[in-house]
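Asks: Got a sequence here, can you build the structure:
(chains A and B)
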Amino acid sequence: MSTLSLDHVSRWFGNVVAVNDITMTIGPGVTGLLGPNGAGKSTLINMMGGFLAPSTGTVTLDGQPVWRNEEIYRHIGIVPEREAMYDFLTGREFVLANAELHGLGAKEAQRALATVEMEYAQDRRIATYSKGMRQRVKMASALVHDPSLLLLDEPFNGMDPRQRMQLMDLLRRMGDEGRTVLFSSHILEEVEQLARHIEVVVAGRHAASGDFRRIRRLMTDRPHRYLVRSSDDRALAAALIADPSTSGIEVDHAEGALRIQAVDFARFTALLPRVARDQGIRLLTVSPSDESLESVFSYLVAA
Amino acid sequence: MYDPTVARLTYRALLGRRRALILGALPLLLLVISVAVRALAGADDQTTADVLGGLALATMVPIIGVIAGTGAIGPEIDDGSVVYLLSKPVKRPTIIFTKLIVAIAVTMVFSAVPTLIAGLVLNGNGQQIAVAYTVAALVASIAYAAVFLLLGTVSRHAVVFGLVYALVWEALFGSLVPGARTLSVQQWSLAVAHKVSDGQLVTSDVGLPTATVLLAAVTVLATWYAGQRLRSLTLAGEE
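Replies: Prediction:
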């Protein structure tokens, strides 16, 4: 059982702040590190893995510093995002080399290859592997010494749905075994399927932390904005504002559309088509205007 | 201090198909030229010294040193695969020392061995010229491998800087500007070679004691600093 602790960690590059005063504790089980692209997730994971020194603050694993401490890697397994991995070796040679660097041997390498179900392709050169196969061999190399902490940077990027399911099963198993598993992702659904506990990072800041369902509720309960065009905007606006699911409507003359703010997402999405039908109004455009992940995240930051 | 797994990975990366071709091309060129010179001009000590000094030691050895020294670590740092070495309980100086041994071995095999063969072809080791230049190539291999390995940990453009040093400093300035010769691996190795040769055809601008001290100092300092660089190596993320 391992606990990774970040204490007031910041990291800047020149005058760009990539990570801003983050304090978090990652315990056993699967934790998702969620945030839009460029939020500082990779910078954070690099600091957690000891590949980047924090500008201020400390990163420790069970009280031991991670930076400039080679011995810590007896307890950490790392699956980097980058693709490069000694393509001239076969999968077996690669995992064996990783085992040897830990002072282990062929037995452990074989066990790790079996865990990720890559024995069937272990004698092919890595250069011939698909993205999903590479990811699994990377996993095997990270698992070969049976680490208590597993760090994965965007592990599902570029994987097909079946490979994704397999990897998720594997990570779930690792978490159930009591390992501390942390993976980063910018895709909400991925995190939702795998992690109960999440840490949200937006623009280098720690935006939210805790149970996924609570945070998800925050995300869906936030006011949603829609842009709607119809055959009779004013009649539609009058009918919608009478319902409590709508908190504000603006008639945008320049756009020739309504800007609607809904506070009850589920109720509003059922109400809109019904009102339109009852009033004999044709809906021409219905588009959510703030559904990007960034806006969801920035809402969380403000909440 | 020496890790066989790191060594194996480094050898296989260095002797991969494309790099092996480049490493093999220069020695082959030297041998072809030697055979041609011998066939056209016959055995001549001065010519032998000119070919081995001008082509082998001044050009081929440093270029092979650049390819082997920077190639032993630069590409891994560039593409990020070095993370698989760094995420292990292996001391950073051990990684550097092992890579240095591999780079030295590869540089010696691809530069000293062809130098000896070329010397034997040119004048059958008259006046010990072939052996003297081979010793120079062996000695220079150590220093070049250390310097260029360090360069590989410092700069993403290690090969370019290395080639500029090898060709501009060693080959051009080294033969034109007297002052530059004191700070030239080539001259230091020639000082050692001078001791080995019989005649006055192998000479150096640097005395043997100075050369020995400088060779040792550069090798040790470069290796130590490369280890320090690796300890603080920062892997930039994709973002």
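
Asks: for the closest residue to chain B within the stretch 201-303 of chain A, what are its contacts?
Replies: Among the residues of the stretch 201-303 of chain A, A:Gly204 lies closest to chain B, at 10.5 Å counting by Cβ to the nearest Cβ. Glycine gets a C-beta too; all of them are placed from N, C-alpha and C. Counting by Cβ atoms under 8 Å, 6 or more residues apart in numbering or on different chains, A:Gly204 makes contact with A:17-20, A:22, A:39-40, A:43.

Asks: Quick one, grab the pLDDT at it.
Replies: We have a pLDDT of 89 for A:Gly204.

Asks: ok so, going back, of the contacts of A:Gly204, buried ones?
Replies: Buried by 16 or more other Cβ atoms under 10 Å in any protein chain shown: A:17-19, A:22, A:39-40, A:43, out of those.

Asks: Rank these by pLDDT and give me only the lowest.
Replies: Out of these, that is A:Ala39, at 85.

Asks: for the buried ones among the contacts of A:Gly204, which one is nearest chain B?
Replies: A:Thr43 (5.7 Å).

Asks: helices or strands up against the host helix or strand of B:Phe148?
Replies: B:Phe148 belongs to helix B:129-154 when assigned by DSSP states H and E. Packing partners of helix B:129-154 (3 or more Cβ pairs under 8 Å, 6 or more residues apart in numbering or on different chains; DSSP states H and E): helix B:45-50, helix B:61-71, helix B:74-79, helix B:92-107, helix B:113-123, helix B:158-164, helix B:185-196, helix B:208-231.

Asks: Flag every buried residue along the third one.
Replies: Burial within helix B:74-79, assessed by neighbour count using 16+ other Cβ under 10 Å, is assigned to B:74-77.

Asks: The fifth one too?
Replies: Applying a neighbour-count criterion of 16+ other Cβ under 10 Å, one finds B:114-123 buried in helix B:113-123.

Asks: What are the buried residues along stretch A:112-120?
Replies: A:112-113, A:115-116, A:118.

Asks: ah, wrong one, I meant stretch A:172-191
Replies: A:172, A:174-175, A:179-186, A:188, A:190-191.

Asks: so can I have JSON lines of the residues you listed showing distance to B:Ala49, secondary structure and pLDDT?
Replies: Putting these into JSON lines (distance: Cβ to Cβ, whole Å; DSSP: H, G, I helix; E, B strand; the rest coil; pLDDT from 0 to 100) gives the following:
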{"residue": "A:Arg172", "distance to B:Ala49": "71", "secondary structure": "helix", "pLDDT": "93"}
{"residue": "A:Met174", "distance to B:Ala49": "66", "secondary structure": "helix", "pLDDT": "90"}
{"residue": "A:Gly175", "distance to B:Ala49": "70", "secondary structure": "helix", "pLDDT": "92"}
{"residue": "A:Arg179", "distance to B:Ala49": "66", "secondary structure": "coil", "pLDDT": "93"}
{"residue": "A:Thr180", "distance to B:Ala49": "66", "secondary structure": "strand", "pLDDT": "95"}
{"residue": "A:Val181", "distance to B:Ala49": "66", "secondary structure": "strand", "pLDDT": "95"}
{"residue": "A:Leu182", "distance to B:Ala49": "64", "secondary structure": "strand", "pLDDT": "95"}
{"residue": "A:Phe183", "distance to B:Ala49": "64", "secondary structure": "strand", "pLDDT": "94"}
{"residue": "A:Ser184", "distance to B:Ala49": "62", "secondary structure": "strand", "pLDDT": "92"}
{"residue": "A:Ser185", "distance to B:Ala49": "66", "secondary structure": "strand", "pLDDT": "88"}
{"residue": "A:His186", "distance to B:Ala49": "65", "secondary structure": "coil", "pLDDT": "82"}
{"residue": "A:Leu188", "distance to B:Ala49": "73", "secondary structure": "helix", "pLDDT": "75"}
{"residue": "A:Glu190", "distance to B:Ala49": "68", "secondary structure": "helix", "pLDDT": "81"}
{"residue": "A:Val191", "distance to B:Ala49": "70", "secondary structure": "helix", "pLDDT": "83"}
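
Asks: Next up, the contacts around the residue lying closest to B:Arg19 once chain neighbours are set aside.
Replies: Spatial nearest neighbour of B:Arg19, chain neighbours left out: B:Gly71 (5.9 Å); criterion: Cβ to Cβ, 6 or more residues apart in numbering or on different chains. Shown in contact with B:Gly71 (Cβ under 8 Å, 6+ apart): B:13-14, B:19, B:103, B:152.

Asks: you'd agree A:Glu255 is up against A:Thr285?
Replies: No - using Cβ atoms under 8 Å as the test, A:Glu255 is too far from A:Thr285 to be in contact (9.7 Å).

Asks: Could you tell me which residues touch both of those two?
Replies: A:Leu227.

Asks: Using CSV, write out every CA atom in the helix or strand harbouring A:Gly210.
Replies: Assessed by DSSP H and E, A:Gly210 sits inside strand A:205-211. The C-alpha coordinates for strand A:205-211 follow below in CSV (Å, rounded to 0.1, in the frame of the first residue of the first chain):
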residue,chain,number,x,y,z
ARG,A,205,-4.7,24.5,-10.8
HIS,A,206,-6.3,21.9,-8.7
ALA,A,207,-10.0,22.4,-9.6
ALA,A,208,-11.7,19.5,-7.9
SER,A,209,-11.0,16.4,-5.9
GLY,A,210,-13.1,13.5,-4.7
ASP,A,211,-15.8,11.1,-5.7
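
Asks: show me the contacts for the residue positioned nearest the centre of chain B.
Replies: Per Cα atoms, centre = their mean, the C-alpha nearest to the average position across chain B is that of B:Gly65, at 2.9 Å. By Cβ under 8 Å, 6+ apart, the contact list for B:Gly65 reads B:103, B:107, B:111, B:140-141, B:144-145, B:147-148, B:162, B:166.

Asks: separation between the residue nearest to it when sequence neighbours are not counted and A:His224?
Replies: Spatial nearest neighbour of B:Gly65, excluding adjacent residues (Cβ to Cβ, 6+ apart): B:Tyr144 at 2.9 Å. Remark: distance between B:Tyr144 and A:His224 (Cβ to Cβ, to the nearest Å) = 65 Å.

Asks: which one of the two has more residues nearby?
Replies: B:Tyr144 (33 against 21; other Cβ atoms under 10 Å in any protein chain shown).

Asks: Would you agree that one is in contact with B:Val66?
Replies: Yes - using Cβ under 8 Å as the test, B:Tyr144 is close enough to B:Val66 to be in contact (7.4 Å).

Asks: re earlier: the contacts of A:Gly204 in strands, which ones?
Replies: If you go by DSSP state E, the contacts of A:Gly204 have A:17-20, A:22 in strands.

Asks: separation between the residue nearest to A:Glu190 when sequence neighbours are not counted and A:Val191?
Replies: Setting aside the residues directly before and after it, A:Glu190 is nearest to A:Phe156 in space (Cβ to Cβ, 6+ apart), at 5.4 Å. Distance, A:Phe156 to A:Val191, using Cβ to Cβ: 10 Å.

Asks: just A:Arg259 next, same as before
Replies: From A:Arg259 over to A:Val191 (counting by Cβ to Cβ), the distance is 30 Å.

Asks: Thanks a lot, catch you later.
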